[in-house]
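S.K.: structure for this input, please:
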Amino acid sequence: MQLFRSRLIQCAAVSLLAVLGVSAASGQSCLNIVPASLSSDFGKQAVGTVTLLPHDVVLTNKCTTSVTLSSFSVTPPFELAMGYAPWTIPAGVQLSLGARFAPNAAQAFTGNFTLNIANNPSIVISLTGTGFVTGAVASLSAPSLTFGNTQIGKTSNVQTVTLTNTGTTSMTVLTVYTEPPFSVSGYTGGTQGTVIAPDGQLPLKVAFGPSLTGNYIGNLVITSDVLNPVGVTLSGTAVPSTSFAITNFVNLPQATQGAAYSATLTSVGGVGAVTWTGLNLPKGLTVSSSGIISGTLPSTITLGTYRFQVTATDSLSHSVTDHVSMVVSAPTGAHCNNISWNVGGTTNPIIPMNDLGTGTYLGVEGGLYLNGSNVMPGSHDSDGVALAKAIQPLDANGNPDPNGKYALLSIGLSITFENFNQLKQGVASDTSLNPHLVFANGANPNLTAGRFANTTDPIWTTETDYFLPNADITANQVVAVWIMVIDGFPSGTFPTDLANLESQYISILQNLHNFFPNLKLAFFSTREYGAYSNGNTQLVDPEPYAYETGFAVRQVIQDQLNGEADLNYNSSNGPVVAPWIAWATYDWANGMTPRSDGLYWTCQDFLPDGEHNSYPAGRQKASAMLLNFLKTNDATAPWVLAP
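M.R.: Sure thing, here's the model as predicted:
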């Protein structure tokens, strides 16, 4: 089953019947293409930058028989962003390809995205774009902000970072974002962004408001129309509260007009049971005595930000009052009322694997590792750290070179592709990263685990012939991979229905070892919440399957921990056939029911299909978790962070 991209160019499809000579079924046009104009204009793009979002080309085979895309080509400086060939498109199936523009000179460019269809004339999509040299220069008043110790439930003193255009021409700031527990204010932007003239400034106010103790890092990312993203690295330490305090981040989960809502209020420092009350909540919502904000917002409620009061009272009648904010947004088109999901009619919602512990899901114990634990066994961790510390810059042939580079490659489907592109925005502005490290997006829409498991699948030649050159690296320079890929919704009963996915993961790891000779480390993530897609006609990875795939990842990692020969990474134990593997981020949370670490997924985090993350909010949430992992994990930090 194909995993379709949902962000299609909004053009009417045009029949290629006359162009291709493909037989029509019952008089119907049988091969459609978007864009209808067979042309794509990228407009103006600054030299040294690349299109943030690819321009899609979507082929839909409405024929009664298969149609084969035998090959394609893209004229530089236009690049392939996604796609693969040769590939036979079954009847009734779409294939998504995409191009982007990376001008290398200040001039007008024309080129072609040529799709060669077996036994038919080629489809030629004309590409145009103009490169220009901008005079804008972005200068930040500080490369990083440190907030020191902040009590949970409190907000730090605000620190200001100022973006100044020290160049000679204007720039337009398009987005400014960060992730909790950091917040940013001072930018409203709007649909057209904010123009900063030469010598103009944009002051941004940043604060740190943690809900749980620990050390936090993050990024403030600023994108513009003419420059690569710039930003500031953020850090703060959350310490225990010395008093009774409400610990929710000031901004509650986003709500959706006309949809059910749930959020959990939390506190620390109270004595005994804590009861809650609220004042002036948005219409349709109430606060229970246990601190659950719930209800359904009217479909007519005014969109915008609502600020209201909540009060916690402990058993000694000590009270604390605070104000929280909630943004109400328009419906996304997804199934926004699927805010949590149960299995088999049980009244208990699914518990994330990392919160389940020694509890069970349909008879299978929780935890990211065995015995309900989320902690990697020490010996395996030590091996990963040793491999990480041995990573060094390489030349194109894979030889050590102090002026060389090494790459983290993503492997997966459209969700992986989109989230990794968002990650690349963040890393482009992060001065804490090793300058030798390259982030290469090898994920691709329309793909499943079964495709990557096939060593002869054309995706592998697409990786080496297009995606790696686009990142200016070779297969010899890939040292680590991030994998987030699954199959379509299977038949069978959990957990036996995951056996095929587990087998495919093993084959993928072996293929990665064979195609990338210097690959050392592989890290898996899982799907986010999938129930906002439940009810779609095209079911790909609905709940509970999106949740259950995490158990397949755990089993493969456990196979390596058990010393299975088909996953051996240590030459002392026999032939090396796979990289060392471990968890990256475990991204699943049960909708708006927060995990113990506070993670939740709202309908606003997804596109109308309820499956792909929204841009930029949902993708930023996922990519921020991955970047935080890469910067803090002991098997990634040695080669991710600057020395």
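
S.K.: now do the SS call for the residue nearest the centre of the chain.
M.R.: The residue lying closest to the centre of the chain (C-alpha atoms, centre = their mean) is residue 419, at 2.6 Å. Of the three states, residue 419 takes helix under DSSP: H, G, I helix; E, B strand; the rest coil.

S.K.: not counting residues beside it along the chain, what's closest to it?
M.R.: Residue nearest to residue 419 in three dimensions, not counting chain neighbours: residue 622, with 4.5 Å by C-beta to C-beta, 6 or more residues apart in numbering. (Glycine included, C-beta is placed from N, CA and C.)

S.K.: check which residues of the helix or strand in which the one you found is found are buried.
M.R.: Counting by DSSP states H and E, the element that carries residue 622 is helix 617-632. Across helix 617-632, burial judged by 16 or more other C-beta atoms under 10 Å covers 617-631.

S.K.: who does residue 583 bridge with?
M.R.: residue 524 (DSSP bridges).

S.K.: wait, it touches residue 556, no?
M.R.: No. Counting by C-beta atoms under 8 Å, residue 583 does not reach residue 556; the two are 10.7 Å apart.

S.K.: my guess is residue 443 contacts residue 410. True?
M.R.: Yes. Residue 443 sits in contact with residue 410 when judged by C-beta under 8 Å, with a separation of 4.6 Å.

S.K.: neighbour count winner among the two?
M.R.: residue 443 (28 against 25; other C-beta atoms under 10 Å).

S.K.: how close does that one sit to residue 280?
M.R.: 45 Å (C-beta to C-beta, to the nearest Å).

S.K.: please apply the same query to residue 116.
M.R.: Applying C-beta to C-beta, the value for residue 116 to residue 280 is 63 Å.

S.K.: how about low-confidence regions in the stretch 501-643 of the chain?
M.R.: Counting by pLDDT under 70, the ranges of the stretch 501-643 of the chain that qualify are 538-540.

S.K.: strands of the stretch 1-150 of the chain, start to end?
M.R.: Secondary structure of the stretch 1-150 of the chain (DSSP state E, counting those that start in this stretch): strands at 14-15, 31-34, 39-46, 55-61, 67-74, 78-82, 87-89, 94-101, 108-117, 123-132, 138-140, 144-151.

S.K.: check the ones you listed for me: which has the lowest mean pLDDT.
M.R.: Mean pLDDT across those is lowest at strand 14-15; the value there is a mean of 30.

S.K.: circling back: what about the residue nearest to the centre of the chain, distance to residue 614?
M.R.: 11 Å.

S.K.: and for residue 377?
M.R.: Residue 377 is 37 Å from residue 614, where distance means C-beta to C-beta.

S.K.: between the two, who's got more neighbours?
M.R.: Taking neighbours as other C-beta under 10 Å, residue 377 and residue 614 compare with residue 614 leading, 21 against 13.

S.K.: just to check, that one is in contact with residue 604?
M.R.: Yes. Using C-beta under 8 Å, residue 614 makes contact with residue 604 at a distance of 6.5 Å.

S.K.: overlap of the contact sets of the two?
M.R.: residue 332 (C-beta atoms under 8 Å, 6 or more residues apart in numbering).

S.K.: nearest spatial neighbour of residue 68, chain-adjacent residues omitted?
M.R.: That would be residue 118: by C-beta to C-beta, 6+ apart, it lies 4.0 Å from residue 68.

S.K.: residue 479 - that's part of a helix, no?
M.R.: No. Applying three-state DSSP, one finds residue 479 to be strand, outside a helix.

S.K.: I'd like to know how many residues surround it.
M.R.: 27.

S.K.: residues touching the residue nearest to it when sequence neighbours are not counted, list them.
M.R.: Spatial nearest neighbour of residue 479, chain neighbours left out: residue 406 (4.5 Å); criterion: C-beta to C-beta, 6+ apart. Listed by C-beta under 8 Å, 6+ apart, the contact partners of residue 406 are 391-394, 436-438, 477-480, 518, 639.
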